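> Return atomic coordinates for the entry below.
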Amino acid sequence: MLPQLTELKGVALDLLFPRFCVGCGKESDFICNSCQTSLMRIEPPVCPRCGKPQKNDKLRSSCVDWQADIAGIRSPFRFEGVMRKAIHEFKYRNLRAITITLAQLLNDYLVANPIPCDVLVPVPLHDKRLRERGYNQSALLAGELSRLTGLAVIDNCLVRSHHNLPQATTSNVEERRQNVKGLFNCRNEVLKGKNVLLIDDVATSGATLDACASVL
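Alright, predicted model coming up:
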């Protein structure tokens, strides 16, 4: 009976608070089928390190000299159009309910492009930012993706040790890397020997993800 009750609860909430597509505004899912088809997908071949699309699967010239600790970065979509709107609503307008839609898109990507991993680890927020926002959007994504994939979420190891300026305030890649240098720490060794899939909402230069990988 529990699954049926959960489904009925979802139907009741949809009737009371109908969903509207963040892209076109029509009453539908948070990203309607039409807008999903318009999403700018990142298709292979991509650079094996930064994950940006290109004509072959070799390292981009900008990645050749990047002494990265992260094995690679993958993003299903470009941060443009409807996806940019969706992330903005999710991150800054408290639209936590869109987590399910975004996690399903992530899961679809992983099914089509399997990545060897044992656990999911969300990029942590500093306590100050967490209090301001009320939630960690990366942790919400990881939790819902865990439900879809069966992979465990480990969120008690990787921590953000101090508050830093938002990456959006930096002007170039080097500034981004310096802005997150020494920003993360590990509390324990629960992730030792595991293949970790780091989860974040947006990857621009990859500096934050690589800083996490460095301490892991």
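> Give me the number of neighbouring residues for residue 175.
By the criterion of other Cβ atoms under 10 Å, residue 175 has 14 neighbours. Yep, even glycine has a C-beta here, placed from its N, CA and C like the rest.
> Three-state assignment for it, please.
Following DSSP: H, G, I helix; E, B strand; the rest coil, we place residue 175 in the helix state.
> do you know how far it is from residue 187?
Residue 175 is 28 Å from residue 187, where distance means Cβ to Cβ, to the nearest Å.
> now swap in residue 73 and tell me
Per Cβ to Cβ, residue 73 is found 24 Å from residue 187.
> who's more crowded, these two?
It is residue 73, of residue 73 and residue 187, that has more neighbours when counted by other Cβ under 10 Å, with 22 against 9.
> any idea how far the more buried one lies from residue 112?
Note on residue 73: its distance to residue 112, by Cβ to Cβ, is 17 Å.
> before we move on, what about residue 40?
Per Cβ to Cβ, residue 40 is found 16 Å from residue 112.
> Pick out whichever of these two has more residues nearby.
residue 40 (15 against 8).
> my read: that one touches residue 80, true?
Yes. Using Cβ atoms under 8 Å, residue 40 is in contact with residue 80, at 5.1 Å.
> where do the strands sit along the protein?
Remark: strands assigned in the chain by DSSP state E are 119-122, 152-153, 158-160, 184-186, 196-199.
> Deepest-packed of these, please.
Stretch with highest mean neighbour count among the strands of the chain: strand 119-122 (a mean of 22; mean count of other Cβ atoms under 10 Å).
> what does that one rub up against?
136, 138-139, 141-142, 145-146, 149, 151-155, 157-158, 191, 194-200, 212, 216 (Cβ atoms under 8 Å, 6 or more residues apart in numbering).
> swap the cut-off to 7 Å and go again
Residues outside strand 119-122 that contact it (Cβ atoms under 7 Å, 6 or more residues apart in numbering): 136, 138-139, 141-142, 145-146, 151-155, 158, 191, 194, 196-199.
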